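Engineer: Pasting the sequence and the predicted model now:
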Amino acid sequence: MRLTDALERALRDYGLDFEPVETDIEVMNGLISFGYGHPITGLEKFLGYWDSSLNIANFPSVSLTADYSVCKVACAVSGREQIYVRGLNPETVRARVEKAMRALRSLSGRDIKVSFYIEMERKYPAGKGLGESAAVSAAAARAVAGVLGISDPASVSRLARLASGSGTRSVAGPLSLWLSYAYMDERRCYALPVPGEEVHLAFIPQEMGLRTEGAHSAALRSPYYSRWKLLKMRRLIRALRRGLETDDLLRISMEDMWQMHGLLLSSGLSVQDDRFQEAVRAAEAARSRTEGLYFTADTGPSLVFMSTDSGVIRELEEEHGLGLVHARQSWLPGRDSGFEARAREWFGFIGLP
């Protein structure tokens, strides 16, 4: 049996059915639509696209969504695309949004142009590896869905994927699984929510001058990438057969962190620095005395601590004083009337809608 067939069977047995979605579009001229999004932390992580134009990854992944930050997006259909960005690197956001809109026009066969007003609010001054691209993509997808008459959750997840693979998971739920692999039907490449225990979180934000796109290309250069891909597919199949237990996924996130960082190092790219190593030593010391504590990192030195027991996170802070920032599992931020007023003012300034 092919590995992808075994994966599909494990998904069906677990109860996840990824039906192809046909997204019908009804362009809403004269409407300002708002969307909000939180970032994700990868548990069964992903790096490397099979199709980078449509953001189809080489293997599926699992993540949790948390309120480390919130991205706020307003959009409206317009004659030409204009983008205002506050609190983020405007060039990075612009490139991501423009890529998503090109893909949407290609898939829909419609010459759709949308203008965006975007703000980011963080619980920390700066940090790398805290899933901000997921927050941007999720918020933008929710806003764009509003002006295109899209309401089906799977279609919104598919739309978010066009901007960022991590975004497709952020819109799906507090814990979600993104189905993706080479040669699959693009209409099935989206994320679905999975049930799980509540995860309590705290993190140490740390900055690094690496763009996530650089990590994707570095991973693909590694001589060990194919082996990592096979390992991850098999591990996820086993986790599905065990019922995707939350503590099992948190344990996997630690294991996969080291494997991913080792993979990047084999391509000459290190995402660890002295501060990261110091935090890891403290985390390992805490784990040796505290049952149920896990930690992980994605493509940056920011370290995230997780537990299904809220007391474990409180104990970590009281005993070790790591300068933690607390967060909670959350995937659907509340609306912000102040942001929406600023967005309406900006759209009025540029003559929209």
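Structural biologist: On my side now, so go ahead. Here the structure is a predicted model, which means the values were calculated and not measured.
Engineer: what's the spacing between Leu88 and Pro301?
Structural biologist: Going from Leu88 to Pro301 by Cβ to Cβ, to the nearest Å gives 19 Å. All C-beta atoms are positioned from the backbone trio N, CA, C, and that covers glycine.
Engineer: So between the two, which is more surrounded?
Structural biologist: Pro301 (25 against 20; other Cβ atoms under 10 Å).
Engineer: these two touch, right, the more buried one and Arg275?
Structural biologist: Yes: using Cβ atoms under 8 Å, Pro301 is in contact with Arg275, at 6.3 Å.
Engineer: Mutual contacts of these two, please.
Structural biologist: Gln206 (Cβ atoms under 8 Å, 6 or more residues apart in numbering).
Engineer: May I see the buried residues of stretch 88-105?
Structural biologist: Leu88, Thr92, Val93, Arg94, Arg96, Val97, Lys99, Ala100, Met101, Ala103, Leu104 (16 or more other Cβ atoms under 10 Å).
Engineer: tell me the contacts of the residue nearest to Arg122 when sequence neighbours are not counted?
Structural biologist: Of all residues not flanking Arg122 in the chain, Ser69 sits nearest, at 4.2 Å (Cβ to Cβ, 6 or more residues apart in numbering). Residues near Ser69 by Cβ under 8 Å, 6+ apart: His38, Pro39, Met120, Glu121, Arg122, Lys123, Tyr124, Leu130, Glu132, Ala135.
Engineer: Kindly report the same for Gly42.
Structural biologist: Going by Cβ under 8 Å, 6+ apart, the list of residues near Gly42 reads Ser61, Val62, Ser63, Gly131, Ser166, Ser253, Asp256, Thr296, Asp298.
Engineer: Shouldn't it be within a helix?
Structural biologist: No: if the criterion is DSSP: H, G, I helix; E, B strand; the rest coil, then Gly42 is strand and not within a helix.
Engineer: what sits against Phe336?
Structural biologist: Quick fix: residue 336 reads Asp, not Phe. So Asp336 contacts Tyr36, Lys72 (Cβ under 8 Å, 6+ apart).
Engineer: Quick check: pLDDT value at the residue nearest to Arg161 when sequence neighbours are not counted.
Structural biologist: Using Cβ to Cβ, 6+ apart and skipping residues adjacent in sequence, the residue nearest Arg161 is Thr168, 3.7 Å away. The per-residue pLDDT reported for Thr168 equals 95.
Engineer: Can you name the element that comes right after whichever strand or helix holds Thr168?
Structural biologist: Using DSSP states H and E, Thr168 maps to helix 165-170. Toward the C-terminus, helix 165-170 is succeeded by strand 175-178 as the next helix or strand (DSSP H and E).
Engineer: Tell me the helices and strands packed up against whatever helix or strand comes next after that next one.
Structural biologist: Following strand 175-178 in sequence order, the next helix or strand is strand 191-193 (DSSP H and E). If you count contacts as 3 or more Cβ pairs under 8 Å, 6 or more residues apart in numbering; DSSP states H and E, strand 191-193 packs onto helix 153-161, strand 175-178.
Engineer: again, 7 Å this time
Structural biologist: strand 175-178 (3 or more Cβ pairs under 7 Å, 6 or more residues apart in numbering; DSSP states H and E).
Engineer: Give me the average confidence score over the strand it packs on.
Structural biologist: Strand 175-178 comes out at a mean pLDDT of 98.
Engineer: CA atoms only for that strand, dumped as PDB, please.
Structural biologist: The C-alpha trace of strand 175-178 is given here as PDB (Å, rounded to 0.1, in the frame of the first residue of the first chain):
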ATOM      1  CA  LEU A 175      -6.300  22.400  16.900                       C
ATOM      2  CA  SER A 176      -6.300  21.400  13.200                       C
ATOM      3  CA  LEU A 177      -4.900  19.100  10.600                       C
ATOM      4  CA  TRP A 178      -3.900  20.200   7.100                       C
END
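Engineer: what sits up against that strand?
Structural biologist: Residues outside strand 175-178 that contact it (Cβ atoms under 7 Å, 6 or more residues apart in numbering) are 16, 60-64, 168-169, 191-194, 196.
Engineer: avg pLDDT for whichever strand or helix holds Ala95?
Structural biologist: Using DSSP H and E, Ala95 sits in helix 90-108. Per-residue pLDDT values over helix 90-108 give a mean of 81.
Engineer: quick one: contacts of that helix?
Structural biologist: 25, 53-54, 81, 83, 85, 111-112, 114, 116, 118, 133, 136, 140, 162-164.
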